[in-house]
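> Starting from these lines, generate the structure:
(2 chains)
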2 protein chains.
Amino acid sequence: MSARAQRGAAQTAVPFDLKAYLTATTTRVNQALDRLLPKAGVKPGTIHRAMRYSLFAGGKRLRPALCLAAAEACGGDPGAALPLACAVECIHTYSLIHDDLPAMDNDDYRRGKLTNHKVFGEGIAILAGDALLTQAFELVAGCRDWPRYPHGVLVLDLARAAGSLRLIAGQVADLEAEGQRVSARQLRYIHECKTSALLACAVRLGGMSANCTPAQLQALTRFGHHVGLAFQIIDDILDVTQSSAQLGKTAGKDTAAQKATYPAIVGLERSRGIAARLTRQAFAALRGFGGRAAALHALAAFLLDREK
Amino acid sequence: MSARAQRGAAQTAVPFDLKAYLTATTTRVNQALDRLLPKAGVKPGTIHRAMRYSLFAGGKRLRPALCLAAAEACGGDPGAALPLACAVECIHTYSLIHDDLPAMDNDDYRRGKLTNHKVFGEGIAILAGDALLTQAFELVAGCRDWPRYPHGVLVLDLARAAGSLRLIAGQVADLEAEGQRVSARQLRYIHECKTSALLACAVRLGGMSANCTPAQLQALTRFGHHVGLAFQIIDDILDVTQSSAQLGKTAGKDTAAQKATYPAIVGLERSRGIAARLTRQAFAALRGFGGRAAALHALAAFLLDREK
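Predicted structure coming up:
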C-alpha cells in the first residue's frame, strides 16, 4: 500500500481485507445478475447472449461494490441494495458497449476480450446496449422501495445520472473534445458527467436502500463525486503509463485519439496530486459514518492505488 | 369512411370529429414534450438538438393520442396522462432513430426528412436514441402517480414493453428474419413485439393515469394489443401499395430487404381481412367503456383506414 493510501487507511480504526470483500461482492453481484436477467436461452437468444457476453466479460464490479458498501455504511442490509447495484452495472455495461462502437471510440478489445460488436455485429451490439439500459430501470422498478425513497425517487436518480445532462453528456463532450484544446475546467466537467455521476449514483442508491438520512445522502454524494473524479484521473494516468497487456485494453489510445486527459493538460505528477487530494476529500466525506464505512474507505484507497 | 370503419363507427352512439381530436392532442403533446425535455440550448447542445430533431420531425403522435384517449375512456383527466404519453413517444422515437442506423435498416429518410444519423452522424444518433430512452423513464418517475399505480408499476410496465422480451425482441427477430422463410405465426410474434407491446403500453399507461380498475386495464390491454397488430399489418400493406412520396419514407423496402410481411405470406386481400378482424376485436374490447371510449374507437377505425 502506498504512503498516500496509508494516510487514508489510518483514519479507519479497523483493518479491512478489501481483497476478500471484493471477491465476496463480485460473486454476489454476478449471481444476482445471472438470476435477475433473462437467461441466454430466452427468445430471442441472440440479444440475451449479447447482453450477457458484455455483462460477464470480467468487469471489476466497482460500482456495485460501492453501492453495497454504501448500504453497509448506513447500517442497511447489502442484500436489499443488490438489485440497485445490478441496475447500475447494467447502465455501466450498456455505456461501454455503445462507446466501443465504430461510430464512437471504435475499440476491438475491452478487458482483453473482443468488444460486443466484434462478436455479435453492430446491429445486435446497439440493441444489446439498449436492452441493458432498459433492463436497469426494470430492475429498479421491480425491487422493493423504502419509506424515504419510493420507486419514483430511485428511478429518477438513476435516469438523471444516466441521462443527457450527465453520463450521455460526458460521452458527447468527450467526442466533441477530440483534437480540440480543452481547459482543465472543461475536462473536469467531462469527467463529472462521464464517470462521477454514475459512480455517485451507485453510492446514493446504496444509501437509499438503507433508508439513509438526508445528511447521510449528502455525504455519500460528496464521497461518490470525489471518488469518481479521482477514478477518471487515474484512468487517464494508467492509459499513459501502462501497457495494453496490463490494462486488458488498448493503451495510449487517449493520446492517439487526441483525447483531453489530465496528464496531457496538467502533466503526470500534478495529475497524481489531484487524484490524491480528491481521494482525501472523499475520505473526509465519510467521517460521520464511523467504522461502518470501512469498505467505502478501503475502496476509495484502492481506486487511487490501482494499476489497471 | 370505408364500409369496414362504418360498421365499427356504428357502435359508438356519438359522432366523433377525429381530425379535430388529433389536431388538439398533437398540439398538446408537442407543447408538453417541448416543456418537459431539455431545450436545444442546454449543454451539450448537440445531443439536445439531435433528440429534438427526431422528436419534432412530424410524427403523427398516435401513441400519445391513444394514451390520452385511454385516460378519457376511464373517466380520467388527459392532462395527468400527458407525461406518460410523452414518455411513450420518447421510446418510439428512440427506436426509430436506432432502427434507421446503417447497422440496422440503413434508412436515409423518415417522414420525408433526413434520418438522425444523416444529419448528426452515427455517434450522436446512437447517443440521441440512448438519451430519449433514458428520458422516458425520467418522465415517468417525475410525474405524479396513483393509488393503484405507483411509480414502480408505471416504470415496470414501460420497461417491459420496451425491453429485450418485447420491443427490442421484435427488432432482433425482424433483423434475423430478413431473407428467411417465416411462418404467419412467427410474423405475428414479431408484430406483437415490434408494435403491439408499446402501443398496448401507451393505452395501459393512459388507463393507469385515470386510476382505472383491473378489469378496465385488462380491456385496454386487449384493445391495444389488437390495434397494434392491425396497425402493423396495415403498415406492411401500405409499404407494398403506396409510393414513397405518399408514405414520406422509402416504399417497397420491406420487399427489397426480403422482410417478412403479411402481404408476402398470406397475400394482400387476406392481410386486409385480418386487419379488419383485429380492428373489430379491438372495438369489442371497448364495450364496457360506453361513449367515453369514442376517441379510442375512432382512432382504431382511423388506423385501419389510413393511407400513410
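> Can you identify each of the strands in chain A by residue range?
A:109-110, A:113-114 (DSSP state E).
> how much space between the residue of chain A most remote from its centre and B:Cys193?
For chain A, the residue at maximal distance from the C-alpha centroid (C-alpha atoms, centre = their mean) is A:Lys43, at 29.8 Å. A:Lys43 sits 10 Å away from B:Cys193, going by C-beta to C-beta, to the nearest Å. C-beta: built from backbone N, CA, C; applies to glycine.
> Mutual contacts of those two, please.
Residues touching both A:Lys43 and B:Cys193 (C-beta atoms under 8 Å, 6 or more residues apart in numbering or on different chains): B:Ala169.
> Please verify my assumption that A:Leu205 contacts A:Leu154.
Yes - in this structure A:Leu205 lies within contact range of A:Leu154 using C-beta atoms under 8 Å: 6.5 Å.
> and for the two, which residues touch both?
A:84, A:140.
> Just give the closest residue to the residue farthest from the centre of chain A, not the sequence neighbours.
B:Ala169 (7.1 Å; C-beta to C-beta, 6 or more residues apart in numbering or on different chains).
> Same check on A:Leu55?
A:Thr93 (5.2 Å).
> quick one: contacts for the residue nearest to A:Lys43?
A:43-44, A:47, B:163, B:193.
> So what does the residue farthest from the centre of chain A have for phi and psi?
phi -70, psi 140 (degrees, to the nearest 10).
> Check A:Thr261 too.
With angles defined as degrees, to the nearest 10, A:Thr261 sits at phi -140, psi 160.
> For B:Gly45, see how far away the closest residue to A:Arg166 other than its chain neighbours is.
Among residues not flanking A:Arg166 along the chain, A:Ala197 sits closest, at 3.7 Å (C-beta to C-beta, 6+ apart). Plainly put, A:Ala197 is 19 Å away from B:Gly45 if you go by C-beta to C-beta.
> same deal with A:Tyr94?
According to C-beta to C-beta, A:Tyr94 and B:Gly45 sit 24 Å apart.
> With neighbour numbers in mind, choose between these two.
Counting neighbours by other C-beta atoms under 10 Å in any protein chain shown for A:Tyr94 and for B:Gly45 shows that A:Tyr94 has the greater number, 27 against 14.
> which one is the more buried one nearest to, not counting chain neighbours?
Among residues not flanking A:Tyr94 along the chain, A:Leu132 sits closest, at 3.9 Å (C-beta to C-beta, 6+ apart).
> go on, A:Arg28?
A:Arg28's closest residue in space is A:Leu82 (C-beta to C-beta, 6+ apart), at 6.8 Å.
> That neighbour touches A:Asn30, doesn't it?
No - judged on C-beta under 8 Å, A:Leu82 makes no contact with A:Asn30 at a distance of 11.0 Å.
> quick one, which of these two is more surrounded?
A:Leu82 (26 against 17).
> Check what pLDDT that one gets.
A:Leu82 is assigned 98 on the pLDDT scale.
> For it, list the residues it contacts.
With contacts defined as C-beta under 8 Å, 6+ apart, A:Leu82 is in contact with A:28-29, A:32, A:68.
> Farthest pair within those?
The span of these, defined through C-beta to C-beta, is set by A:Ala32 and A:Leu68 at 10.3 Å.
> shared neighbours, these two?
In terms of C-beta under 8 Å, 6+ apart, A:Ala32 and A:Leu68 are both contacted by the residues A:82, A:85.
> if you count what's nearby, which of these two comes out ahead?
Taking other C-beta under 10 Å, A:Ala32 and A:Leu68 do not tie; A:Leu68 has more neighbours (30 against 18).
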